[in-house]
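missing the sequence, but the structure's below:
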């Protein structure tokens with residue numbers, strides 16, 4: 001696919017040198033029941049570039065049509081007590097701060113609907129959700145779901161909140177999407193608009209190359225995301241790191257003075273000089289550690305060292321990854337050398353399946369094969385404590401390695 005030469009966030013043409021990860025699986029959170037189907041998954045290059053105007057990191061060769069977002073797309077994490085605690089705290093905080101009790105909530109990209117059900121139950125609110133991967137089921141009174149995308153024309157009644165969690169990292173034309181989200185918010189009256197997405201700073205700090213994968217076409221430094229939201233008509237009221245700072249949450253309102261038709265290259269005064277192609281820096285508030293160029297080389301070396309550490313720690317007894325979400329799938333596909341015997345996940349919808357891009361089985365935490373292994377690699381540090389408890393209860397005698 002041809003590499004784009006402009007930023008999908010602000011339209012600027014001054015981009016960093018590319019950082020390429022060849023032949024990556026196009027979808028990581030997908031259910032495969034047959035090993036041959038999982039192994040034959042389509043692969044594409046991830047070609048990361050960073051905008052020198054707004055700081056956005058994006059895949060310049062992304063093709064959204066290569067990714068199937070249907071009922072087999074499965075990215076729920078709520079089977080983990082740690083992640084469920086994050087969702088509970090998020091729902092309680094949003095309800096309290098934004099007076100959502102008894103209100104109406106719209107979710108853009110609701111997935112299977114888990115968070116909207118939780119938030120509406122916490123707030124005693126009505127809810128409407130849209131997502132192409134939604135699986136129909138009997139829903140409580142006051143909840144409606146639509147298995148499709150939503151646009152401003154669909155919003156014919158006021159809402160108190162518009163939720164958009166873990167969507168914007170998947171949308172290639174992110175500037176246009178944020179403008180559409182502004183249109184939805186305007187049509188909804190004066191709601192709080194909530195975004196949740198990964199923090200690029202966390203990926204850089206952890207040298208987590210397994211947090212870079214094809215499904216995510218955008219990677220947002222915190223200051224860059226706030227700037228892009230302001231550029232597209234929002235007033236950012238609150239922005240904070242959550243879930244061990246892996247994610248960031250923004251709470252926003254429609255900016256009253258925003259012009260509906262706006263040049264995507266419009267920038268505040270402090271960006272004026274940065275529009276010149278010769279400038280090689282990023283907006284104030286985007287730390288040097290969020291620089292793609294500094295991350296790429298260090299992350300590759302870290303991955304090579306990790307492969308050697310895993311081989312030594314497993315000591316010939318075999319190893320497994322705990323976590324068949326995006327991190328675990330990306331890690332297995334990135335690593336060179338001996339592959340894990342299996343991958344463990346607490347999500348029943350994934351158990352019995354095969355890891356995308358491989359022939360490796362996904363097993364439940366009580367699978368007997370785990371007790372024979374020498375090493376369990378924990379893909380997400382937020383789950384280390386609960387996984388350690390499960391392994392101790394089961395009598396696992398090997399080692400664990402938390403990434």
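Sure thing, it's come through. Just so you know, these numbers come straight off a predicted model, no measurement behind them.

flag the shaky bits of the protein, pLDDT-wise.
259-289 (pLDDT under 70).

could you look up the SS state of the residue of it most remote from its centre?
Most distant residue from the mean C-alpha position of the chain: residue 316, 34.1 Å away (Cα atoms, centre = their mean). Following DSSP: H, G, I helix; E, B strand; the rest coil, the label given to residue 316 is coil.

number of nearby residues for the residue nearest to it when sequence neighbours are not counted?
Leaving aside its sequence neighbours, residue 316 sits nearest to residue 374 (Cβ to Cβ, 6 or more residues apart in numbering; 7.1 Å). C-betas here are computed from N, CA, C, even on glycine. Residue 374: 15 surrounding residues under other Cβ atoms under 10 Å.

now the one 3 residues further on
In terms of burial, residue 377 registers 26 neighbours under the definition other Cβ under 10 Å.

just the element for it, please.
strand 375-378 (DSSP states H and E).

can you name the next helix or strand after that strand?
Next in sequence after strand 375-378, counting helices and strands by DSSP H and E, comes helix 384-394.

which strands and helices sit next to that following helix?
For helix 384-394, the packing partners by 3 or more Cβ pairs under 8 Å, 6 or more residues apart in numbering; DSSP states H and E come out as helix 81-98, strand 375-378, strand 399-402.

hmm, try it at 7 Å
Packing partners of helix 384-394 (3 or more Cβ pairs under 7 Å, 6 or more residues apart in numbering; DSSP states H and E): strand 375-378, strand 399-402.

winner for burial among these?
Compared across these, strand 375-378 shows the largest average neighbour count, a mean of 24 (mean count of other Cβ atoms under 10 Å).

who touches that strand?
Strand 375-378 is contacted from outside by 310, 313-314, 319-323, 384, 387, 391, 398-403, using Cβ atoms under 7 Å, 6 or more residues apart in numbering.

now do stretch 149-164
With Cβ under 7 Å, 6+ apart, stretch 149-164 has contacts from 94, 98, 100, 103-109, 130, 132, 180-181, 183-185, 187-189, 191-195.

go through those and flag which are in strands.
Residues of the contacts of stretch 149-164 located in strands (DSSP state E): 104, 105, 106, 107, 108, 130, 192, 193, 194, 195.

got these as JSON lines, with neighbour count columns?
Formatted as JSON lines, the ones in strands among the contacts of stretch 149-164 follow (neighbours: other Cβ atoms under 10 Å):
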{"residue": "104", "neighbour count": "20"}
{"residue": "105", "neighbour count": "26"}
{"residue": "106", "neighbour count": "28"}
{"residue": "107", "neighbour count": "27"}
{"residue": "108", "neighbour count": "25"}
{"residue": "130", "neighbour count": "20"}
{"residue": "192", "neighbour count": "23"}
{"residue": "193", "neighbour count": "27"}
{"residue": "194", "neighbour count": "22"}
{"residue": "195", "neighbour count": "26"}
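
nearest to residue 247, of those?
Using Cβ to Cβ, residue 195 comes nearest to residue 247 of these, at 10.0 Å.

distance from the strand holding residue 377 to the middle of the chain?
Relative to its chain's centre, strand 375-378 lies at 22 Å (Cα atoms, centre = their mean, to the nearest Å).

ok, which stretches of the stretch 251-400 of the chain are helices?
With helices called from DSSP state H, counting those that start in this stretch, the stretch 251-400 of the chain shows them at 292-314, 326-334, 384-394.

the contacts of strand 375-378, buried ones only, as a PyMOL selection?
Burial among those is assessed by 16 or more other Cβ atoms under 10 Å; the matching PyMOL selection reads:
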select buried, resi 310+313+314+319+320+321+322+323+384+387+391+398+401+402+403
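
buried residues in stretch 94-114?
For stretch 94-114, by 16+ other Cβ under 10 Å, it's 94-95, 98, 100, 103-113.

for those, which one is nearest residue 77?
Distance to residue 77 across these (Cβ to Cβ) is lowest for residue 111, with 10.3 Å.

what helix or strand does that closest one sit in?
Under the criterion DSSP H and E, no helix or strand holds residue 111.

give me the phi and psi for it.
phi 60, psi -130 (degrees, to the nearest 10).

might you report the residue contacts of it?
Residue 111 sits next to 75, 76, 131, 133 when contact means Cβ under 7 Å, 6+ apart.

I'd say the third one and residue 106 touch.
No: Residue 131 lies out of contact with residue 106 (Cβ atoms under 7 Å); the separation is 12.0 Å.

could you identify the most distant pair in the buried residues of stretch 94-114?
Distance extremes for the buried residues of stretch 94-114: the farthest pair is 98 and 112 at 23.8 Å, using Cβ to Cβ.

tell me the secondary structure at residue 71.
Using three-state DSSP, the structure places residue 71 in coil.

burial count for the nearest residue to it once chain neighbours are set aside?
Spatial nearest neighbour of residue 71, excluding adjacent residues (Cβ to Cβ, 6+ apart): residue 135 at 5.2 Å. Residue 135 is flanked by 16 other residues according to other Cβ under 10 Å.

next up, the contacts around the closest residue to residue 290 other than its chain neighbours.
Once flanking residues are discounted, residue 290 sits nearest to residue 221: 4.0 Å by Cβ to Cβ, 6+ apart. Counting by Cβ under 7 Å, 6+ apart, residue 221 makes contact with 55, 200, 201, 286, 290.

pull up the gap between residue 230 and residue 381, please.
Separation of residue 230 from residue 381 (Cβ to Cβ, to the nearest Å): 32 Å.
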